[in-house]
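J.: Attaching a predicted model along with its sequence, questions to come.
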Amino acid sequence: MNAYLQNDDTMLYRADKYGAPVSALGFGCMRFTRSGGAVDLKKAEREVAEAMELGVNYYDSAYIYPGIDAAVGEIMSHAGRRDRVALATKLPLMLVRDASSLDRLFETQLKHLKTDHIDYYLMHMLNDLPTWERLRALGIEEWLEKKKASGQILRAAFSFHGSAQAFRDVLDAYPWDMCQIQYNYMDVHFQAGQAGLRYAGEKGVPVVIMEPLRGGRLVGMLPKTSKALIEREGGGVSPARLALRWLWDQPEILCVLSGMNSPEMLRENVETARASPPGCMTDAERALIEKVRADIAAHTRVGCTGCGYCMPCPKGVDIPTAFRCLNLTSSESLKSARTDYLRATALRREQSSASQCIRCGKCETHCPQGIAIRDMLAQAAKELEGPTYPVVKKAVRLLKLY
């Protein structure tokens with residue numbers, strides 16, 4: 001699965017489902033630097049140009065990232081660049097109202113990206129099976145096959161922010177060429193998680209990783225005690241390098257995305273990628289990861305391991321996700337916790353909010369940790385479902401955005 005390839009001295013590559021080489025490090029374009037609200041195109045172009053010279057050949061964008069598709073298109077339109085890279089962008093499912101939306105949105109993206117084809121076309125935040133069934137009723141499967149046959153889409157894929165079971169359901173629903181999940185050493189049991197990664201590997205579906213550093217939180221926002229652990233026992237390894245090597249150690253992973261908006265970050269990540277084939281981690285590094293994970297967990301509020309024994313909830317509450325996000329209020333920030341919670345529970349066809357709990361208690365009879373789940377779900381709803389949450393949730397439901 002995802003055979004390790006080393007094509008040159010600059011970058012390591014892994015093979016996608018059809019054997020095409022993909023750089024182990026991908027460029028997450030969502031975090032291009034902005035100036036006055038617009039993408040700083042000159043800065044972004046310098047960064048992309050250097051990334052290309054260093055062997056990065058996978059570039060990730062999306063329709064709903066303001067100005068990003070157009071910026072990527074402008075950068076890649078310069079002398080010979082488009083033919084050297086794989087472009088990934090995403091279909092905004094919330095904007096798909098009927099079958100005609102598919103062509104309209106896709107043609108807009110081709111225009112913005114200044115290209116005649118998309119290498120990896122992802123269903124953006126395909127978070128549960130009912131959302132896919134809605135798209136299927138609109139003819140999405142036939143549409144994808146037509147675009148693939150014409151060469152306008154080379155690989156059909158999806159990005160995901162739902163539950164572990166929903167990930168398996170979506171993965172089984174279509175012969176996907178690739179998928180993209182949020183995953184890092186603190187998200188082992190969050191969303192698709194490690195179980196989902198392994199399941200994709202068993203099915204032969206390569207996985208691209210987003211949020212490998214949790215938006216930088218596994219670097220600059222680590223607890224002081226965790227930083228001290230890495231400094232004391234890491235042998236000079238940086239928090240970013242340790243986190244990335246943990247990912248590249250796993251053979252199911254095709255590519256790890258990074259929003260690199262400085263030359264220093266780019267060069268360090270490339271250097272790390274070049275030295276991190278599958279199986280790269282030492283026993284000492286693995287032991288250090290476990291210590292750091294335990295140290296971060298010590299700052300948690302709910303002792304949930306994400307085992308899922310409490311599931312399924314009769315009312316559809318995603319209990320592990322609610323507790324994972326509640327813990328983020330302590331280890332990271334309320335804002336980041338609410339953002340993760342919103343994406344995972346409200347932006348989906350079948351919503352899974354903590355506030356849906358009716359206190360039946362079924363979950364507590366199966367929890368090996370003895371957690372007072374009902375009380376903690378009430379606390380999660382109180383803290384995570386802020387003023388904008390019910391508005392977004394209602395809009396998703398009434399407008400059938402997913």
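T.: Alright, I've got the coordinates.

J.: what's the burial count for residue 106?
T.: Other residues near residue 106 come to 19 when the count uses other CB atoms under 10 Å. From N, CA and C alone the C-beta is placed, and that goes for glycine too.

J.: Can you say which helix or strand has it in it?
T.: helix 99-113 (DSSP states H and E).

J.: continuing past that helix, what's the next helix or strand?
T.: As assigned by DSSP H and E, the chain's next helix or strand after helix 99-113 is strand 118-124.

J.: Could you pull out the strands in the stretch 201-350 of the chain for me?
T.: All strands of the stretch 201-350 of the chain, identified by DSSP state E, counting those that start in this stretch, fall at 207-210, 253-258.

J.: and residue 157, what is it in contact with?
T.: Residues in contact with residue 157, defined by CB atoms under 8 Å, 6 or more residues apart in numbering, are 88, 120, 121, 122, 123, 176, 177, 178, 179, 180, 208.

J.: And for the nearest residue to it once chain neighbours are set aside, the neighbour number?
T.: Nearest-residue entry for residue 157: residue 178, 4.0 Å, with adjacent residues in sequence omitted and distances by CB to CB, 6 or more residues apart in numbering. By the measure other CB under 10 Å, the count of residues near residue 178 is 24.

J.: picking that back up, so which elements touch the helix holding residue 106?
T.: Packed against helix 99-113 by the contact rule (3 or more CB pairs under 8 Å, 6 or more residues apart in numbering; DSSP states H and E) you find helix 68-76, strand 86-92, strand 118-124, helix 140-150.

J.: And it, how far out from the chain middle?
T.: Relative to its chain's centre, helix 99-113 lies at 23 Å (CA atoms, centre = their mean, to the nearest Å).

J.: Extract the C-alpha trace of that helix and format it as PDB.
T.: C-alpha atoms of helix 99-113 as PDB (Å, rounded to 0.1, in the frame of the first residue of the first chain):
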ATOM      1  CA  ALA A  99     -27.700  18.300 -11.000                       C
ATOM      2  CA  SER A 100     -27.000  21.500 -12.900                       C
ATOM      3  CA  SER A 101     -25.000  22.800 -10.000                       C
ATOM      4  CA  LEU A 102     -22.300  20.200 -10.600                       C
ATOM      5  CA  ASP A 103     -21.300  21.500 -14.000                       C
ATOM      6  CA  ARG A 104     -21.700  25.100 -13.000                       C
ATOM      7  CA  LEU A 105     -19.400  24.800 -10.000                       C
ATOM      8  CA  PHE A 106     -16.900  22.600 -11.700                       C
ATOM      9  CA  GLU A 107     -16.500  24.900 -14.700                       C
ATOM     10  CA  THR A 108     -16.100  27.900 -12.400                       C
ATOM     11  CA  GLN A 109     -13.200  26.100 -10.700                       C
ATOM     12  CA  LEU A 110     -11.600  25.200 -14.000                       C
ATOM     13  CA  LYS A 111     -11.700  28.900 -14.900                       C
ATOM     14  CA  HIS A 112     -10.300  30.000 -11.600                       C
ATOM     15  CA  LEU A 113      -7.500  27.500 -11.700                       C
END
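
J.: how far off helix 140-150 does that helix point, in degrees?
T.: Orientation of helix 99-113 against helix 140-150 (axes from the mean of the first three to the mean of the last three CA atoms, to 10 degrees) gives an angle of 40 degrees.
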